[in-house]
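Chemist: Below is the sequence, then the predicted model.
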Amino acid sequence: MRFKKTFSRLLLVIGIISYTSTQFTIRANEPDSAYIFAYTSEAMKGGGGLFFAWSIDQASWHQIGPEHSFVKSDYSAWGSEKRMYAPVLFQAPDGSWQCVWELNDRDAAFAHASSPDLVYWGPQSYPIIMPEGNCLKPDITYDAGLKEYVVTWESNKPGKSGVYRSTTKDFKAYSPIQKINSRQSNKIELLIDGAKETGTLHRVAWSVIDKLQKAQQLAAYAGILRNERVAMDPAVMRTPVTATISLQPEKKKPISDLLMGIFFEDINYAADGGLYAELIQNRDFEYQPEENRRDPEWDSKKAWSVKAGEIDFNIETSSPIHENNSHYAALTIKQAGAALVNEGFDGIALKAGDKYDFSLFVRSQEAKRGKLLIRLTGKNGEVYAEASTSTVPKEWKKLQVVITAKQTTSDARLEVIPQQTGRVDLDMISLFPQKTFKGRKNGLRADLAQVIADMKPRFVRFPGGCVAHGNGIENIYRWENTIGNLEERKPQSNLWGYHQSAGLGYFEYFQFCEDLGAEPLPVVAAGVPCQNSAKHNHPIGGQQGGIPMCEMDEYVQSILNLIEYANGDAKSEWGRKRAAAGHPKPFNLKYLGVGNEDLITDVFEERFRMINDAIKAKYPEIIVIGTVGPFFEGTDYVEGWELASKIDLPMVDEHYYQSPGWFINNQDYYDRYDRSKPQVYLGEYAAHVPSRYNNLEAALCEALHLINVERNADIVAMTSYAPLLGKEGHTQWNPDLIYFTNTEIKPTVGYFVQKLFGEHSGNEYLTSQVKMSNNRPDIRKRVATSFVIDQATNDLIIKIANLLPVSVASTIDLSNMEPAENQAAVYVLQGDPEDRDARPTASSLEVSSQLKYELPAYSFSVIRLKIK
Ligand code: AHR
């Protein structure tokens, strides 16, 4: 049934392709010019971006696409924002196209973007022009005498209502605004496909329309290719397929040995409640309602309750342990025996016989003070563990006690039972398994860290993603808030809708890298927050506002401090803090990411350059990794690459989450990269199937891509799948590489692809060729190989992906290699494309100069053999 569907889809694809190609034919009789109407759909409330329709006679109109947009508003948050209202397109005397539009009825800015040809659109800008007002229906005219544009708009905010104007020569600097009495509008109304739309009318050369049409058709064709799936009807093979794989060992090149790494972001409860081994949720009473508006119980008492006896439980802020950690619990116990209870993150998992470090800060001004009885209990009152602290002190002090679990359970809770009456204040109530990864204090969950370590990552990118640049300027991740004593760290809201305790902070990240034998790759914001920020704590919202320039010196210094913290002498100001945390030796930081898929605007560029220049001047040895947007194409990709090339950055960070068809049909993506330009760090990628599971289909596409990346590992120096972790029941993003609960680790099929590549990477690439018995492009493109040498072990590693629905009898010609042993190890991942449980199997294979290997249907194989 599925194959029937796939086959008819294939016929449809072929049909559409041939239809599309007829559109590409050159016509013999076309007009010199025509009308074009630029508008945004009323029905889509501006979410569709700018549309075009053309006409010869202004009577019959033809939509391009029909509703294909080459430019959409990228302002502020997803969902209700990112809308283009009332756009006005204007052709400047130099032929360029200038477009302005309204963003919303709230903010003090309008939007501007320009294009040379209506197809490629440059960076958008959102000038803050109307403090205390708004910018409705912006319009453009041109003053030919003064050679400047005149932008007009309306404001309806109280005290600011009226019509305004400003002039500009470049849409970067604007003259002071002036109130005017009236203005002319360029807009007209037209009926397009039965709907009344408002926009601007232009007479253009036919070539302009022709280019728009062809660009739209190419985009449509790329969309068809992207829809290709891995599952295929075996009947389309017609005859068995064989492959001859030959090697040209003389054509070799050194490749990056840092290719396989990981990207850890605190998304999907990856840190608190995840990798960070703390078992107490909201240990610091710092949860704030605005962090998670979906949960009505999300506040400083979240995960806490009281049990038995007469007890008042309040949150106080008047005299905290530290100003960064201002909330604490204030209990007033009327009758001893009452307990403060924590439910953990989905319960507390305990293992019989394991020891747990309990600690808290506590004080009581009462004359008669008692100890605290600490219990780990079950829902029905079972006591799994019990211990007592020393007597509660008068002033804030840390008390600690080790507690041993008598029973294994996944669902315990913590009870803190003061053995006194009166007022007791408590904070930083913590319970840590002693068995953390590598036994580190304040460490990481051992099983989860181990499954990561098993991938043999060569580097770790952290702490985000969007978490690094944050939800608005105030939420930019500041590394210095995450080091030092836990009670002095500054917790913050997590842009994915929860809380970051900062317990897993920069020290712990660096230490984890060291424990993994991986290079640390921290990412700092480029002075701008996430492009999708919803916070309006700036005159205009989101990324479009950066850290004010008057605060940028301080921000740049904080980044320089980070480098000193990682690499400085233990006597230096920041190196001393590292040494105080127990690591006098430097962490040997070599790479630093600046920015995360930001909009490449003037606001970004100004700040990025400041940061980059300062690092280059003080720490020229640090490899700064720039950012080129969230997609494999588009304005931020183009502008990001242009900036990186212009300022000679050593490396840029690319991101793309794509469908199987994209990976199948873009195998030469990096082969066409200019080797003289910056290197690539593919910092975030994943194959997304419609079900959003990482199944064999997705995993095979990722393997295929990595094979193609390995061929290009002279330019693609590093890669990391994203996101890494997802706690079941708490995901904001799917698919993730490794799912987990409090007691189980559930790696996906894709995890095993990453692991196979991590375990079998190399540092030298050998050119190979695949010749198939059936050379049809749809068959040929589904088999890919790469040959690498691991010089440390002198092993030849052959990776082969077979995305065909049939097995392929292959002969690997090793006649020009000298095998050292007669057996090769073989690891194979295979199954049905929908399979979510496929796991690699290991076997061995007789080595010969014409090595015979049957590539299973839908498989990824790694063959590893010793050579002389
Ligand atoms: O990996 C999840 C998110 O995807 C990252 O935070 C962000 O960089 C990207 O948009």
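Modeler: Good, I have the coordinates.
Chemist: longest strand of the chain?
Modeler: Determined from DSSP state E, the single longest strand within the chain is strand 241-254.
Chemist: Identify each buried residue in it, please.
Modeler: Residues 241, 243, 245, 247, 249 are the ones in strand 241-254 that count as buried (16 or more other CB atoms under 10 Å). For every residue, glycine as well, the C-beta is placed using N, CA and C.
Chemist: Same question for stretch 168-183.
Modeler: Neighbour-count burial for stretch 168-183 [16+ other CB under 10 Å]: 168, 171, 174, 177.
Chemist: Report whether stretch 708-724 contacts the ligand.
Modeler: Yes. Part of stretch 708-724 sits near the ligand under the criterion CB under 6 Å from any ligand atom, namely 722, 723.
Chemist: end to end, how far does that stretch reach?
Modeler: From its first residue to its last, stretch 708-724 covers 22 Å (CA to CA, to the nearest Å).
Chemist: Tell me the spacing between whatever residue of the chain ends up closest to the ligand and residue 603.
Modeler: In the chain, the residue that lies nearest the ligand is residue 465 (2.5 Å; CB to the nearest ligand atom). Distance of residue 465 to residue 603, given as CB to CB, to the nearest Å: 20 Å.
Chemist: repeat for residue 376
Modeler: Residue 376 is 51 Å from residue 603, by CB to CB.
Chemist: residues in contact with the residue nearest to residue 686 when sequence neighbours are not counted?
Modeler: Leaving aside its sequence neighbours, residue 686 sits nearest to residue 657 (CB to CB, 6 or more residues apart in numbering; 5.2 Å). Listed by CB atoms under 8 Å, 6 or more residues apart in numbering, the contact partners of residue 657 are 684, 685, 686, 688, 722.
Chemist: distance of residue 272 from residue 285?
Modeler: Taken as CB to CB, the span from residue 272 to residue 285 is 14 Å.
Chemist: what residues are up against the residue nearest to the spatial centre of the chain?
Modeler: The centre of the chain sits closest to residue 465, judged by CA atoms, centre = their mean, with a distance of 4.2 Å. Neighbouring residues of residue 465 by CB under 8 Å, 6+ apart: 263, 265, 267, 523, 596, 684, 722, 723.
Chemist: I'd like the buried residues of strand 241-254 written out as CSV, with distance to the ligand and pLDDT added.
Modeler: Shown next, in CSV, are the buried residues of strand 241-254 (distance: CB to the nearest ligand atom, whole Å; pLDDT from 0 to 100):
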residue, distance to the ligand, pLDDT
241, 37, 95
243, 36, 98
245, 35, 98
247, 37, 95
249, 38, 91
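Chemist: Tell me the one of those nearest residue 844?
Modeler: residue 245 (18.9 Å; CB to CB).
Chemist: and that closest one, bridged to which residues?
Modeler: residue 770, residue 812 (DSSP bridges).
Chemist: about what we covered before: neighbour count winner among residue 376 and residue 603?
Modeler: Taking other CB atoms under 10 Å, residue 376 and residue 603 do not tie; residue 376 has more neighbours (27 against 22).
Chemist: so who does that one touch?
Modeler: 348, 350, 356, 383-386, 403, 405, 412-415, 431.
Chemist: Just to be sure, which of the residues you listed are found in helices?
Modeler: Per DSSP state H, helices hold no members of the contacts of residue 376.
Chemist: ok so, going back, which members of the contacts of residue 657 are classed as buried?
Modeler: Buried, going by 16+ other CB under 10 Å: 684, 685, 686, 688, 722, out of the contacts of residue 657.
Chemist: Tell me the helices and strands packed up against the helix or strand harbouring the second one.
Modeler: Just to be clear, that refers to residue 685. Counting by DSSP states H and E, the element that carries residue 685 is strand 679-687. Contacts defined by 3 or more CB pairs under 8 Å, 6 or more residues apart in numbering; DSSP states H and E place strand 679-687 against strand 651-658, helix 696-711, strand 716-719.
Chemist: Compile those into CSV and extend it with columns for mean pLDDT.
Modeler: CSV is the format used below for the helices and strands packed on strand 679-687 (pLDDT from 0 to 100):
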stretch, mean pLDDT
strand 651-658, 98
helix 696-711, 98
strand 716-719, 98
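Chemist: out of those, which comes closest to residue 511?
Modeler: Short answer: strand 716-719, nearest of these by CB to CB, at 20.8 Å.
Chemist: got the buried residues for the closest one?
Modeler: Applying 16+ other CB under 10 Å to strand 716-719 flags 716, 717, 718, 719 as buried.
Chemist: go on, stretch 204-220?
Modeler: Quick answer for stretch 204-220 (16+ other CB under 10 Å): 204, 208, 209, 212, 213, 215, 216, 217.
Chemist: which SSE is the nearest residue in space to the second one that is not next to it in sequence in?
Modeler: Spelled out, it's residue 208. Spatially, and ignoring its direct neighbours in sequence, residue 208 is nearest to residue 118 (6.4 Å; CB to CB, 6+ apart). Using DSSP H and E, residue 118 sits within no helix or strand.
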